[in-house]
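> structural data only, the sequence is not supplied:
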């Protein structure tokens with residue numbers, strides 16, 4: 001299908017850039033989508049300005065038949081709606097043909113969860129003979145033990161952790177407070193890190209940040225993201241990984257070991273149970289695989 005450019009597309013994109021400041025990737029995607037639709041219309045003796053709802057629906061059916069994914073079609077419709085709103089505002093068309101065209105349903109993508117063996121390899125990757133490595137080991141242990149968001153982890157202050165009680169106090173979205181159990185392993189590595197590494201990282205600086213950078217300053221999310229990628233490579237984990245991956249693993253492994261959904265919701269700090277329910281799909285897939293592997297009629 002040959003794409004067919006039209007000057008009206010450029011005028012629309014320029015107007016959109018002035019109003020909303022489009023990034024180049026979005027501009028290029030909208031331009032490509034509209035030019036493709038224009039070429040499709042031209043082959044049928046129609047044009048962008050004269051296209052109606054039926055033509056749009058036919059094009060959506062064509063996209064479906066030709067293997068376009070729902071997400072790219074949703075992007076196409078988003079750009080098309082903006083395009084016809086622009087034409088309506090400019091007096092080029094009298095009716096917006098996209099008004100009664102629904103966006104395709106987008107299935108919520110499942111978060112990627114590491115296996116328990118991969119988590120163990122990742123936790124063991126930092127060099128604990130080094131202050132930075134010991135700090136990273138403690139951070140990874142806390143991240144996995146508590147299911148924290150990375151912003152919650154790097155923002156931890158010493159007063160938020162009670163090793164005597166074995167709990168961590170954190171503040172999630174909307175500044176909502178929650179208490180999360182630490183577990184024996186995380187407590188062991190926190191104690192060891194505090195004893196052998198934290199003061200070395202702080203140097204002569206004073207502060208109550210739990211996990212300082214090598215210069216004694218609070219760590220950024222980006223710095224920890226780079227550290228976790230480094231340790232993933234050292235552990236031989238090929239899958240793409242981020243700090244959020246361990247939060248997903250925390251939730252999935254809890255469910256796999258029999259935790260109820262309400263408990264996981266509370267530990268993750270989700271205000272809505274539907275946010276937590278996505279993890280049941282991962283846990284269910286794991287249980288189905290185990291059933292198929294081990295059950296005599298699996």
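Here it is on my side, so go on. Because the structure is predicted, anything quoted here is derived from the model rather than measured. Numbering: from 1, shown residues only.

> tell me how many other residues crowd residue 268.
22 (other Cβ atoms under 10 Å). Using the backbone N, CA and C atoms, a C-beta is placed for each residue, glycine as well.

> residue 29 versus that one, what's the distance?
Noted for residue 268: a distance of 33 Å to residue 29, by Cβ to Cβ, to the nearest Å.

> again, but for residue 101
19 Å.

> next one: residue 262
Distance from residue 262 to residue 29, by Cβ to Cβ: 41 Å.

> which one's more surrounded, those two?
residue 29 (17 against 10).

> what helix or strand does the more buried one sit in?
Using DSSP states H and E, residue 29 sits in helix 24-42.

> beyond that helix, next helix or strand please.
helix 53-65.

> list the buried residues of the helix or strand following that following helix.
Downstream of helix 53-65, the first helix or strand assigned by DSSP H and E is helix 70-89. Buried residues in helix 70-89, counted by 16 or more other Cβ atoms under 10 Å: 73, 75-84, 86-87.

> so helix 70-89 versus helix 53-65, what angle?
Inter-element angle recorded for helix 70-89 and helix 53-65: 160 degrees (by axes from the mean of the first three to the mean of the last three Cα atoms, to 10 degrees).

> I'd like to know which elements helix 70-89 is packed against.
Applying 3 or more Cβ pairs under 8 Å, 6 or more residues apart in numbering; DSSP states H and E, one finds that helix 70-89 makes contact with helix 7-20, helix 24-42, helix 53-65.

> got the buried residues for the shortest one?
Right, helix 53-65. Neighbour-count burial for helix 53-65 [16+ other Cβ under 10 Å]: 55, 56, 58, 59, 60, 63.

> apart from its neighbours in sequence, what residue is nearest the fifth one?
So the one you mean is residue 60. Leaving aside its sequence neighbours, residue 60 sits nearest to residue 73 (Cβ to Cβ, 6 or more residues apart in numbering; 6.6 Å).

> need the pLDDT of that neighbour.
pLDDT for residue 73: 83.

> tell me which stretches of the stretch 151-298 of the chain form helices.
For the stretch 151-298 of the chain, the helices defined by DSSP state H, counting those that start in this stretch cover 184-196, 198-202, 221-234, 243-256, 261-268, 273-276, 278-294.

> gap between the residue nearest to residue 83 when sequence neighbours are not counted and residue 254?
Using Cβ to Cβ, 6+ apart and skipping the chain neighbours, the partner closest in space to residue 83 is residue 12 (5.1 Å). Residue 12 is 49 Å from residue 254, where distance means Cβ to Cβ.

> so for those two, which sits in the more crowded spot?
The residue with more neighbours, out of residue 12 and residue 254, is residue 12; 24 against 19, by other Cβ under 10 Å.

> tell me which residues touch that one, please.
Contacts here follow Cβ atoms under 8 Å, 6 or more residues apart in numbering; on that basis residue 12 touches 34, 82, 83, 86, 87.

> quick check: domain ranges of the protein?
Following automatic domain parsing, the chain resolves into domains at 7-89, 116-294.

> make TSV out of those and add distance to residue 95.
Shown next, in TSV, are the domains of the chain (distance: least, Cβ to Cβ, whole Å):
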stretch	distance to residue 95
domain 7-89	8
domain 116-294	37
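
> and stretch 251-259, how far out from the chain middle?
Here stretch 251-259 is found 20 Å from its chain centre; the criterion is Cα atoms, centre = their mean, to the nearest Å.

> pull out the buried positions in it.
Buried residues in stretch 251-259 (16+ other Cβ under 10 Å): 251, 252, 253, 254, 255, 256.

> which one, of the helices of the stretch 151-298 of the chain, ends up nearest to residue 215?
Counting by Cβ to Cβ, residue 215 lies closest to helix 198-202 out of the helices of the stretch 151-298 of the chain; the figure is 8.2 Å.

> appreciated, that's everything.
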